[in-house]
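In: Kindly generate the corresponding structure for this input.
(one chain, ligands or ions: 3)
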Amino acid sequence: MEDKTQNPQQQPSTNITGISESWPRQAWAHLESLRRSSPLIQCITNFVSMDLVANVLLAAGASPAMIHSIHEIPDFTPKTHALYVNVGTLTPDWLPAMKMAAQVANECNKPWVLDPVAAGASGFRLNACLELLKLRPSVVRGNGSEIMALFKGSSDENSKGVDSMHDSTDAVEAAKSLAQITGSVVAVSGAVDIVTDGQRLVGARNGVDMLQKITATGCSVTALIASFVAVDPLRPFEATATALSVFGLAAEIGMEMAKGPASLRMHLIDALHGLDRDIVHRRVSISHM
Ligand SMILES: Nc1ncnc2c1ncn2[C@@H]1O[C@H](COP(=O)(O)OP(=O)(O)O)[C@@H](O)[C@H]1O
Ligand SMILES: Cc1ncsc1CCOP(=O)(O)O
Ligand SMILES: [Mg+2]
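Out: Ligands and ions are numbered 1, 2, ... in the order given. Here you go, the predicted model:
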């Protein structure tokens, strides 16, 4: 297993004004902006994840709303600052709402983010994800197996459902190609979280492996990405990397108090709520790969 505690030399990236700024400073700027503006995030997500996703977004400073009826999307989606779509417990009757919300978000110039949970588990799920991808999400975040299934465009007979059979690093080339083909930023979570826009590639190294023992942590970090993109919509690559790192950092701090997965879930939420500038500046670890 890779060691995420190292802090390799972190190269700067440019901020919204074109000024070069370190990754930890960008992470703090995003989190501060999120707390200040409390963007409204529409979440069309799976039943397993609804509670954790909403609590993670609240702890970070965003305002979540699990509103998914096709009858409400024309009224509600234009009011939001970003849309989050997650196919975790997909059935045929959910897909039209997901597609409609993505279309409305696009028409209203709002960013939207896709979590292709278990993309390779079945043909139905894979095709649904590919249809959603055509609606140009700003960001797609999956684990290694999910991103590889999307790139290959075929379901995987060895699929383990929502869990990954691959390391994030196995999916680097798939992620890059997928980003180039779709125009979306692609993020692959794992021991190192990888983010690419098809040209640039960074690794976010915060996190603890016990996150894999809590259901919906992947769903929650994708929702957090949506909230970071909501406050920096013109820079989804940067917002995705800082969101992944901030979530991982909250898990590292939570782990200092946790006794196992259940208490990590609680301490992660507390730690996310309590992050301050000093700790973000010292411990966010993002570097070019
Ligand atoms: N081996 C690991 N070490 C540290 N953090 C990890 C590891 N695997 C996953 N994570 C973290 O757990 C969270 C969920 O990622 P992951 O388990 O890959 O998603 P999913 O639940 O969608 O499969 C992410 O924040 C990721 O960085
Ligand atoms: C267990 C499960 N089954 C369908 S969705 C879901 C939650 C998956 O969450 P994550 O992708 O964050 O592990
Ligand atoms: Mg997942």
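
In: going forward, measure contacts between C-alpha atoms and count neighbours the same way
Out: Fine.

In: which parts of the stretch 101-250 of the chain sit against ligand 3?
Out: Val117, Gly218 (Cα under 5 Å from the ion).

In: and the gap between the residue nearest to His30 when sequence neighbours are not counted and Ala258?
Out: Take His30 and drop its neighbours on the chain: the residue closest to it by Cα to Cα, 6 or more residues apart in numbering is Phe228, 6.3 Å away. Counting by Cα to Cα, to the nearest Å, the gap from Phe228 to Ala258 is 26 Å.

In: Comparing the two, which residue is more hemmed in?
Out: A count of neighbours by other Cα atoms under 10 Å puts Phe228 above the other of Phe228 and Ala258, at 29 against 17.

In: tell me which element Val85 falls in.
Out: Secondary-structure element containing Val85, defined by DSSP states H and E: strand 82-86.

In: So which elements touch that strand?
Out: strand 40-44, helix 95-107, strand 112-115, helix 217-231 (3 or more Cα pairs under 8 Å, 6 or more residues apart in numbering; DSSP states H and E).

In: In JSON lines: these, plus mean pLDDT and distance to ligand 1.
Out: Formatted as JSON lines, the helices and strands packed on strand 82-86 follow (pLDDT from 0 to 100; distance: least, Cα to the nearest ligand atom, whole Å):
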{"stretch": "strand 40-44", "mean pLDDT": "99", "distance to ligand 1": "16"}
{"stretch": "helix 95-107", "mean pLDDT": "98", "distance to ligand 1": "19"}
{"stretch": "strand 112-115", "mean pLDDT": "99", "distance to ligand 1": "8"}
{"stretch": "helix 217-231", "mean pLDDT": "99", "distance to ligand 1": "4"}
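
In: which stretch among those comes nearest Gln26?
Out: helix 217-231 (10.9 Å; Cα to Cα).

In: ok, and the closest non-adjacent residue to the residue of the stretch 1-150 of the chain found nearest ligand 3?
Out: Ligand 3 sits closest to Val117 of the stretch 1-150 of the chain, with a gap of 4.7 Å, by Cα to the ion. Among residues not flanking Val117 along the chain, Gly88 sits closest, at 5.0 Å (Cα to Cα, 6+ apart).

In: Quick check: the residue sitting nearest the centre point of the chain vs Phe228, distance?
Out: Centroid check for the chain by Cα atoms, centre = their mean gives Thr222 as the closest residue, at 2.3 Å. Thr222 sits 10 Å away from Phe228, going by Cα to Cα.

In: same question, Leu114
Out: Taken as Cα to Cα, the span from Leu114 to Phe228 is 14 Å.

In: And for Asn86?
Out: 17 Å.

In: With Asp115 instead?
Out: Noted for Asp115: a distance of 15 Å to Phe228, by Cα to Cα.

In: same deal with Thr45?
Out: Taking Cα to Cα, one finds Thr45 at 17 Å from Phe228.

In: again with Gly120
Out: Noted for Gly120: a distance of 27 Å to Phe228, by Cα to Cα.

In: same thing with Ser63?
Out: 12 Å.

In: And for Gly190?
Out: The gap separating Gly190 from Phe228 is 19 Å, by Cα to Cα.

In: list the contacts for the residue nearest to the centre of the chain?
Out: Tyr84, Val113, Leu114, Asp115, Arg141 (Cα atoms under 8 Å, 6 or more residues apart in numbering).

In: mind redoing it with 10 Å?
Out: Applying Cα atoms under 10 Å, 6 or more residues apart in numbering, we find Thr222 in contact with 53, 84-86, 113-115, 139-142, 187, 189, 216, 228, 240, 243-244, 247.

In: filter these down to the ones close to ligand 2.
Out: Among the contacts of Thr222, proximity to ligand 2 is found for Ala216 (Cα under 6 Å from any ligand atom).

In: In PyMOL, select just the buried ones from the contacts of Thr222.
Out: Buried residues among the contacts of Thr222 (16 or more other Cα atoms under 10 Å), as a PyMOL selection:
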select buried, resi 53+84+85+86+113+114+115+139+140+141+142+187+189+216+228+240+243+244+247
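
In: Let's verify the residue nearest to Val117: helix, strand, or coil?
Out: coil (DSSP: H, G, I helix; E, B strand; the rest coil).

In: check contacts around it.
Out: 44-49, 115-119, 125, 161-162, 216, 219.
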